[in-house]
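Colleague: This is the structure alone, sequence omitted:
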DNA sequence: TTTACCTTTGACTATGTTTGACTTTTAATA
DNA sequence: TATTAAAAGTCAAACATAGTCAAAGGTAAA
C-alpha cells in the first residue's frame, strides 16, 4: 500500500517514541518538516489527526524561540476513561427535556443500554457509553 | 454462462487474496476500475455484494489522498458466534413491520448501532448485536 | 410477456490530504 | 521596556480518493 505523507510522519514519530525511555519525544516542527520535505503545517496536521487522546497520546507545545512539540504516550491510567452510565442517562434526560426524544424513546434507550451491556467489562462499557452518547448526539442534531 | 463484470471483479479479488500472506488485500478503487475499464462505483458494487460479513469478508476504506480499500477474509473465530449486523437490522425491520417500533425509532436504533460500534473488534461487535437483540426483544414484549 | 431481480453508469456527495498565507506566542536583544 | 526574530497555530482553498443513490439496462423465472 502506498502511504500518504501523513502516514509516514505518523510512523516516524511512533518509532521515535518506541525508542524513547519515557514514552515521549520532543521535536521541533520545522525540523521534522525538513526531514520530510514538507510545509510545517503538514506536521501539525499529522499530529492533530494521529496523536489524539482517543488514540492514546497527549501533546503539548510552545511557540517562539526554543519552541517545541512534546508528544507523550498515555499509560493505562491516563487513558481517557469513557463515560459512566449515570452520565449517559443524564445526557438522555437532557434530550428528553429538549424534546429531541419522546418519553417512549427515552425508556427504550435506557432499557437497551442496561440490558445489552450486562456482560461487558467496566472499562469497555464506559467506552461504549461514550460512543453511544456521540452517536445519539449526532442523531439528534 | 457468460460472466458479468461484477463476477470477474469478484474472481480477480479472490485470486489476489488467495495469493496474499495475510488473507487480505489493499487496493485502490480507481486502479481496479481502470484494470476492468469500468466506472469506480462498479468496484464499490462488486465489493458490496460479494465481500460481505455473510460471505466471510470484512472491508475497511479511507478516502482522500492515497485512499484505499482493504478486504480481509475472516477466519473461523471471527465468523463464529454472535449475530451479524445484517441480522440485527432484519430483526429491527420485523419489529417495525409488527408496529412495535415507529419509523423514527427504527432509524434511531440503526443509527446508534452503526455509529456506536465503529471501533469495536468484529467478534465483540457480534456479541453486542446479540445482546442488543435480546434486550430489544425483551423490551417490545 | 410480464415481472422481479440483478448489473451498470454517472452525477453528486463526503472525507482525508497537502499547501500556503496569515496570526499568535515567546525568547532574546536593543 | 519595546522591538524583533523565531518558533508554532489556524484556516481555508485545492486536490485526491471513496461512497451514495437513482435511473437505465439486462436477464431469468413465472
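Modeller: Alright, I've got the coordinates. Just so you know, these numbers come straight off a predicted model, no measurement behind them.
Colleague: does the nearest residue to residue A:109 once chain neighbours are set aside count as helix, strand or coil?
Modeller: In space, and not counting its chain neighbours, residue A:109 is closest to residue A:92: 5.8 Å by C-beta to C-beta, 6 or more residues apart in numbering or on different chains. (Each C-beta comes from the backbone N, C-alpha and C, glycine too.) For residue A:92, the assignment made with DSSP: H, G, I helix; E, B strand; the rest coil gives helix.
Colleague: Number of residues surrounding residue A:92?
Modeller: By other C-beta atoms under 10 Å in any protein chain shown, 21 other residues sit near residue A:92.
Colleague: and residue A:74, how many neighbours?
Modeller: That count, for residue A:74 with other C-beta under 10 Å as the rule, works out to 15.
Colleague: That one - nearest residue in space that isn't next to it in sequence?
Modeller: Closest to residue A:74 by C-beta to C-beta, 6+ apart is residue A:56, at 5.0 Å.
Colleague: One more: residue A:88?
Modeller: Leaving aside its sequence neighbours, residue A:88 sits nearest to residue A:129 (C-beta to C-beta, 6+ apart; 4.5 Å).
Colleague: what's the distance between the one you found and DNA strand C?
Modeller: 23 Å (C-beta to the nearest atom of the strand, to the nearest Å).
Colleague: ok so, going back, quick check: the residue nearest to residue A:109 vs residue A:15, distance?
Modeller: Computed as C-beta to C-beta, to the nearest Å, the residue A:92 to residue A:15 distance reads 43 Å.
Colleague: Residue A:85 too?
Modeller: 39 Å.
Colleague: cool, and residue A:43?
Modeller: In terms of C-beta to C-beta, residue A:43 sits 15 Å off from residue A:15.
Colleague: Out of these two, name the residue with the larger neighbour count.
Modeller: residue A:43 (25 against 11).
Colleague: got a list of contacts for the helix or strand that one falls within?
Modeller: Assigned by DSSP states H and E, residue A:43 falls within helix A:40-50. The contact list for helix A:40-50 (C-beta atoms under 8 Å, 6 or more residues apart in numbering or on different chains) reads A:5-6, A:9-10, A:13, A:29-30, A:32-33, A:36, A:59, A:69, A:71.
Colleague: could I get those residues as a markdown table with pLDDT and distance to residue A:23?
Modeller: Shown next, in a markdown table, are the contacts of helix A:40-50 (pLDDT from 0 to 100; distance: C-beta to C-beta, whole Å):
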| residue | pLDDT | distance to residue A:23 |
| --- | --- | --- |
| A:5 | 98 | 25 |
| A:6 | 98 | 22 |
| A:9 | 98 | 18 |
| A:10 | 98 | 16 |
| A:13 | 98 | 12 |
| A:29 | 97 | 20 |
| A:30 | 96 | 24 |
| A:32 | 97 | 18 |
| A:33 | 97 | 24 |
| A:36 | 97 | 23 |
| A:59 | 97 | 13 |
| A:69 | 98 | 15 |
| A:71 | 98 | 10 |
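Colleague: So among those, which ones count as buried?
Modeller: A:5-6, A:9-10, A:13, A:29, A:32-33, A:69, A:71 (16 or more other C-beta atoms under 10 Å in any protein chain shown).
Colleague: show me where chain A has strands.
Modeller: A:24-27, A:57-62, A:68-73 (DSSP state E).
Colleague: Quick check: the residue of chain A found nearest DNA strand C vs residue A:34, distance?
Modeller: Using C-beta to the nearest atom of the strand, the closest approach of chain A to DNA strand C is made by residue A:64 at 2.4 Å. Taking C-beta to C-beta as the measure, residue A:64 falls 19 Å from residue A:34.
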